[in-house]
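Q: Sharing a model that was predicted from the sequence below.
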Amino acid sequence: MSGPMIFSRRRFLRQAGGLSALSLAGSLDQLGLSSAAAQSGGDYKALVCLFLFGGNDSNSMVLPYSAYSTYDAVRPLATGVNIAASLLTPIAPANLPGQTFALHPAFTSTNGNPTLTSLFQSGRLSVVCNAGTLVEPLTRATYRAGTGKRPQQLFSHSDQQQQFQTSISEASVLTAPTGWAGRIGDELALSMNGPLATPIGMSFSGAQTFLNGLAVRGLSLPTAGNFGFTGDAPTPNALQVARANSRAELILATDANAMISAAQVSMTSALNASQRINPILNGTLPTAIATPFNGLNTGLANQLRAVARLINNRASLGQRRQIFFVSIGGFDTHTGQGQFQPPTPAIQGLASLYQQIGQAMSAFYQSTVNMGVANEVATFMLSDFNRTFRPNGVGTDHAWGGNYLVMGGGVQGGRFYGQYPNLALGGPDDADSLGRWVPQVSIDQYGATLARWFGVPNADLVQVFPNIGRFPNSNLGFMA
Amino acid sequence: MSHAHPGASNRAAAHRPRKLSAIALFVAGLAAASGAIAQGFNMTAAIGVYSPRSSTFWLDGNYDRTPDMLHKYGQLGDIGLLADPVGSGSRAPVVFRNGTWLFDLDRNGAPDRTVVFGAAGDIPLVADVDGDGKDDLVVWRGNGQWQVNTRMDGTVQYAFQFGGGRGDVPLIGDVNGDGSVDLVIYNRGSWYVSLNRGTSVQQTYAHTVAAGETPFLFDYDGDGRDDLTVIVAGTWHVKSTTGQTAAAPFAFGGAGDHPLYFGRGIAPNPRANAARLLQQATFGPTETEIARVQSIGATAWVDDQLNRPLTPLPPMGWFPQNRPQPPTGTVWPQCTYAFYASGAAYNAATPCNCSSVAGTADQCQRDVYSNYRLQNEFFMRAAAAPDQLRHRVAWALSQILVTSSLQDPIAYPMRDYQQLMLDSAFGSFESLLTAITLSPWMGNYLDMVRNDGSPAARARGVVPNENFARELLQLYTIGLWELRPDGSQLADAAGNPIPTYEQDDVVELSRALTGWSYPPLPGQTPAFNRGVNYIGMMTPIEGPLNATGTVNYHDTGAKSWLGWNQPANQRAAQDVGAALSIAANHPNTGVYIGKQLIQQLVTSNPSPQYVSRITAVWNNDGAGNRGNLRAVVRAILLDPEARAPRNPVVSTFGKLKEPALYVMNLLRAFDGTTDGAYLRTPLANMGQNIYNSPTVFNYYQQDYVVPGTNLAGPPFQIFDATSYFARTNFTYNLIYHATCDTGQLTSPSICGQGPDATVFGAVGTKINWQPFKPLAVDPVQLVDAMSMRLLHERLPRTLRTQAINAVAAVALSATPTQTQLLDRVRMAAYVIASSPKYQVEY
């Protein structure tokens, strides 16, 4: 027989979710909403993480306009990934006088307007340049010489996704990693939302490490459909009550087997969440949300529409702080990346994905305006990595530092934060000769800027980002 | 010896306790005891000790008298006990600290409930005094006064007076086996029993060993009567109260430790042992197979499965990438089911229109240009294929060597790939690796096809695609980190894990794998830009060596990776062979893949020793072969860790059922039948869309850790709230939104989802409830039978009561109707099948 083994379980969830069997008649009121502050409008904030799975070629997402030749030198028409200059609308970052850039022209809203460009120009959207996973600051020289520590398993999808979500890029043994949003939750959920609120982190893209902390755990939700038990009813008959009670008793019973207990914890959490969230996800869609999202039916749009619903109902969920996770996949464009050429550019490959993002983000922003919370909601992009600036003939391969968009009323928009990479192959920003940029901004700094705005006190930032002290600053400045 | 019994009647006082002569004095613990082991006095008790100096519980759950689990809880001076105050069916740690009881019900090492009952100096005890299925708190106050708190609130519900003299040690247990606990006083070798907690002594026994002894009461042999135990310096001397029987003394714990007992009713369960093998080796236990395993034993059953003939997938013939449709104005006959099910390749000379015809069973578009038919096949085989183990292993391999129909929906290549998994399940891993490397289907999935290593491409600045090379290393062979044979990660001087490969290795390997393209269609010559064709193996496009005018798409330079050299000017096939040999023979491969097979089949957290044993078999099957999957699978299933009885005490063994296993276990448990069509959508809703893995990392990552623990639990990654409701609601719909066969109008018993008219040969998905209906008049019988069928054990007491109440809530008329009886069966099935226990294999 094996040697003795030790296991442990989360205490907080049992404390917070330790409600006895919930009868079907239990209403939201009976669940004991926390402080009145949750119901009042004051001091509310939400973070929306938009993850681009597969490694987004952000060289295509934000490209130089005034210095277009540096782009064209490496990605001319013949490479099959070129975005034509004639299709670009220039943006002028307020902090880079004399330089202009452009977002990918496919970032339009449903009526074809270049909404994200407009948001940049009206100060509601900014670019975080050349950000990525880092153990400590690196340059091309220190990376190539091996004198600086580099993240583990660079260029591996699963590892880089994990490192973006956890902010930890050094090797670790088999322990349950926590995400930095989960650690924000550990800091703020109890004080801001109270012990009985719905979990602070909610994902519409399945379980994500990002939202798991030591005490808090992310809640995975569907974008539509019944989030609860078939066969139950709002006013149950005796049979339904008996069935629900027996089912609940079985769910809530602890067990000596750790796998059963782990299942039981998940199921208890689902039970609690369903009571509150089912009516919200399936209720009538308010006009404030319905209008901007009208006609949109992509996966991402559906996720952001559901996020809007939950923002709209934050009071009934008892949440003054909310963290959402949505995603869109398909960015691993080793092949089929596509180009963008006049007269009628084909909306396929990367362009198709950007169009989906543009439409959904525009609709979402407008819905936050309609709901009066535009200044309180910050949407920010993450991805596995950027891609090689030098194409491979039909697409691009895995790379490293990339550009990310941040959107919201509270964003210091119209600026480029960090430093846009020098696009020379083998140049000062290139880890090798294929255009893999060594990030000059770490995910720690990117996330800490958001965490600080979200309400994590300065002194506690190191709890959320343990390695923040290794980097020159913990506030990039893109949030008001 | 005389004992004062204040309050006892004179008559009782007249019967002064003394060593009885009516029962032969038997001093166990003397050497003679070893010759006096009665037949059948075997330990069936789960015991433990609490070491007060280290505040550690040492627990043995499976009756082998070695600790399986240690749990640190409490502080110096505490008295450690085990208790189940809430009736969960399993006792959890509790410490008594100067009158305060601190419970650790969730076993996480921190107190989660506190009750103040008693005071410093009291002796704490645990027993279910009021018989409600929940343990009560008992304190013995030193003057013969016993107090009992049944409500876990520190108040006294019962008080007894028994004992109190100098040297008395109180114990509590059921000595006479009547189901009601008795009070016992031990004093220097004599045991004085007050049956049913009166004030007088009804029985006396003698059993002692030496001075410095700790007396203890527990049911050693599971006969319902607690046995007398004396522990001296860590050696337990057990004797039954019925006479001569005694056990050989055994060692457990040390001097100063407090003995612990997990309670009655934990007995070996051969049915559960058989069912566990079937959970590991098939898509779910059935009554027939459970009986068979119990009859012939695990080894014979496994060997029989290894030798069974393979049930091949039906052939699916080649069709062009673009669905054949007639040009405008022309009419072709429809491609019939008979045609495309025959496996014949599509022939443009005799074209047919492959579209789906509404309202008929001919659905060529769906059946040929999506993996619909193949998904149905998966379920049909999982339900009924005789070579269950092979299918189970093939499914496990397909979750390691992942491809996905999301890449290309056409069915025939995924059919061929899954057939390859079936063919290879008991074969050589390196052969399997070679086959998937040269598979055009895999080539399309991970860009190995048309990977251009020619000089012209290099001149253009094109570098070989790294996708397949990377995943070959990361997922299919050596993994990311250097491993010991026991599965643990090696560490460098700074304590960090050591990567197995670097980026440069990936680049060099991808060069070695260049030059392959799709095989030509009949009548075509090989060419690098051949169109998509998934039949057979990829073709190398390289021309004769050094020939001019022929483009060699294979990079002929020398490659060097992981310290191995592949010389220049090797043919593409030679380079592939050399590369795969390097990867397959790397010491990591056996442990990396072997451990995943354990996790797929048996348990998410195998012990390091288990992993080591399997790695050893991978490295050498006994005949000098490496990577012999047949030997590895056999070793995994017959390993003592897989075959050990269920540990009822505390355990990290087992795994969450992935959705496919949850669904198929349920169906097979009730002798269900299916054509698969109904099951594919619920499976997708649960996060496991069959053969449509979202990425090359499978539905869940093999290193996923359950949040808040340090336990691996890959299927938990898709066990979120949405998936959980999908499982439970699937169960509800299968049970309740069902039609029952009309042929049994008077006794509907075979119920489920009817056949889909657009599916050829459909039979729907059905369950047979008949065996349970006669039991439905008695909710107790029904619940016990249902939990035995699904969980292979009885429900714990309070849960059982709730389930019985739920069943009883279905009213029966004076003459119960068949529908009423069926509704009771449904209730029992639903609540048990949706419980956490049923989600897990343990």
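A: Structure received. Because the structure is predicted, anything quoted here is derived from the model rather than measured. Numbering: from 1, shown residues only, chains lettered A, B, ... in the order given.

Q: any idea how far chain B is from residue A:78?
A: 9 Å (Cβ to the nearest Cβ, to the nearest Å). The way it works is simple: take the backbone N, C-alpha and C, and place the C-beta from them, glycine included.

Q: Same question for residue A:56.
A: 16 Å.

Q: Neighbours of that residue, how many?
A: Residues lying near residue A:56 (other Cβ atoms under 10 Å in any protein chain shown) number 29.

Q: Might one say that it is in contact with residue A:387?
A: Yes: the criterion here is Cβ atoms under 8 Å, and residue A:56 meets it with residue A:387 at 7.5 Å.

Q: Common neighbours of those two, please.
A: residue A:402 (Cβ atoms under 8 Å, 6 or more residues apart in numbering or on different chains).

Q: so what's residue B:93 bridging to?
A: For residue B:93, the residues forming beta bridges with it (DSSP bridges) are residue B:82.

Q: which ones are touching it?
A: With Cβ under 8 Å, 6+ apart, residue B:93 has these contacts: B:57, B:71, B:73-74, B:80-82, B:103-104, B:107.

Q: if you set the cut-off to 10 Å instead, what comes out?
A: Neighbour list for residue B:93: B:48, B:50, B:57, B:59, B:71-74, B:80-83, B:102-105, B:107, B:109, B:111, B:260, B:650 [criterion: Cβ atoms under 10 Å, 6 or more residues apart in numbering or on different chains].

Q: Need the buried ones from the residues you listed selected in ChimeraX.
A: Buried residues within those, by 16 or more other Cβ atoms under 10 Å in any protein chain shown, are selected in ChimeraX with:
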select /B:48,50,57,59,71,73,74,80,81,82,83,102,103,104,105,107,109,111,260,650
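
Q: any idea what the closest residue to residue A:337 other than its chain neighbours is structurally, helix, strand or coil?
A: Computed as Cβ to Cβ, 6 or more residues apart in numbering or on different chains, the closest residue to residue A:337 that is not its neighbour in sequence is residue A:395, at 4.3 Å. Going by DSSP: H, G, I helix; E, B strand; the rest coil, the secondary structure assigned to residue A:395 is coil.

Q: list the contacts for residue A:395?
A: Counted by Cβ under 10 Å, 6+ apart, residue A:395 has contacts A:57, A:79-81, A:332-338, A:349-350, A:387-388, B:447, B:465.

Q: Now for residue A:326: which residues touch it?
A: A:48-51, A:202-205, A:223, A:299-304, A:306-307, A:360, A:364, A:379.

Q: Please report phi then psi for it.
A: phi -130, psi 160 (degrees, to the nearest 10).

Q: For it, give its distance to residue A:220.
A: Using Cβ to Cβ, to the nearest Å, residue A:326 is found at 12 Å from residue A:220.

Q: Can you pull the residues that touch both of the two?
A: A:202-205.

Q: out of these, which is most surrounded?
A: Neighbour-wise, the shared contacts of residue A:326 and residue A:220 (other Cβ under 10 Å) top out at residue A:203, 26 neighbours.

Q: Excluding residues flanking it in the chain, which one is nearest that one?
A: Residue A:203's closest residue in space is residue A:325 (Cβ to Cβ, 6+ apart), at 4.0 Å.

Q: mind checking which helix or strand that neighbour is in?
A: strand A:321-328 (DSSP states H and E).

Q: Check which strands are paired with that strand and give the direction for each one.
A: strand A:45-52 (parallel), strand A:201-203 (parallel).

Q: List the contacts of the residue of the stretch 351-500 of chain B found nearest chain A.
A: Of all residues in the stretch 351-500 of chain B, the one sitting closest to chain A is residue B:462 (3.9 Å; Cβ to the nearest Cβ). Residue B:462 makes contact with A:79, A:390-394, B:452-454, B:456 under the criterion Cβ under 10 Å, 6+ apart.

Q: Might you report the residue contacts of residue B:583?
A: B:430, B:433, B:437, B:469, B:472-473, B:476-478, B:501, B:509, B:561-562, B:564, B:589.

Q: Just confirm it is within a strand.
A: No: counting by three-state DSSP, residue B:583 falls outside a strand, being helix.

Q: pLDDT score assigned to it?
A: Predicted confidence (pLDDT) for residue B:583: 97.

Q: With the one 3 residues further on instead?
A: At residue B:586, the pLDDT value in this model is 97.

Q: Distance of whichever residue of the stretch 201-350 of chain B sits closest to chain A relative to residue A:269?
A: The minimum distance from the stretch 201-350 of chain B to chain A, using Cβ to the nearest Cβ, falls at residue B:262 (8.9 Å). Using Cβ to Cβ, residue B:262 is found at 29 Å from residue A:269.

Q: Residue B:537 too?
A: Counting by Cβ to Cβ, the gap from residue B:537 to residue A:269 is 49 Å.

Q: more crowded one of those two?
A: Just comparing residue B:537 and residue A:269: by other Cβ under 10 Å the higher neighbour count belongs to residue A:269, 22 against 15.

Q: Report pLDDT for that one.
A: Residue A:269 is given a pLDDT of 83.

Q: contacting residues for the residue lying closest to residue A:398 once chain neighbours are set aside?
A: Distances taken as Cβ to Cβ, 6+ apart place residue A:155 nearest to residue A:398, at 4.0 Å, with adjacent residues excluded. Contacts for residue A:155 (Cβ under 10 Å, 6+ apart) come out as A:55, A:384-385, A:388, A:397-400, A:436, B:466, B:470, B:503, B:506.

Q: low-confidence ranges in the chain?
A: In the absence of a named chain, chain A is used. A:1-41, A:171-176 (pLDDT under 70).

Q: sorry, should have said chain B
A: Using pLDDT under 70, chain B drops low at B:1-43, B:62, B:243-244, B:264-267, B:545-549, B:648-650, B:742-748.

Q: Relative to residue A:235, how far out is the residue most central in space within chain A?
A: Centroid check for chain A by Cα atoms, centre = their mean gives residue A:49 as the closest residue, at 1.8 Å. Residue A:49 sits 39 Å away from residue A:235, going by Cβ to Cβ.

Q: how about residue 160, secondary structure?
A: The chain I'm using is chain A. From three-state DSSP, the assignment for residue A:160 is helix.

Q: Switch to chain B, please.
A: strand.

Q: what's it in contact with, if anything?
A: B:129, B:138, B:140, B:144-148, B:172, B:183, B:194, B:197-199 are the contacts of residue B:160 under Cβ under 10 Å, 6+ apart.

Q: Sort out for me which of those residues are in helices.
A: Among the contacts of residue B:160, no residue falls in helices (DSSP state H).

Q: What subset of these is buried?
A: B:129, B:138, B:140, B:144, B:146-148, B:172, B:183, B:194, B:197, B:199.

Q: In terms of helices and strands, where is the closest residue to residue A:416 other than its chain neighbours?
A: Nearest non-adjacent residue to residue A:416, counting by Cβ to Cβ, 6+ apart: residue A:93, 4.2 Å away. Using DSSP H and E, residue A:93 sits in no helix or strand.

Q: correct me, but residue A:93 touches residue A:417?
A: Yes: using Cβ atoms under 10 Å, residue A:93 makes contact with residue A:417 at a distance of 9.1 Å.

Q: what is in contact with those two at once?
A: A:126-127, A:129.

Q: Now, of the residues you listed, which are buried?
A: For these, buried by 16+ other Cβ under 10 Å: A:126-127, A:129.

Q: what about residue A:420, distance to chain B?
A: In terms of Cβ to the nearest Cβ, residue A:420 sits 24 Å off from chain B.

Q: ok, that residue - how many residues close by?
A: Neighbours of residue A:420 (other Cβ under 10 Å): 22.

Q: and the stretch 551-700 of chain B, which of its residues are near chain A?
A: Contact residues, the stretch 551-700 of chain B versus chain A (Cβ under 10 Å from any Cβ of the partner chain): B:603-610, B:640-641, B:644, B:646-657, B:685, B:687, B:694-697, B:700.
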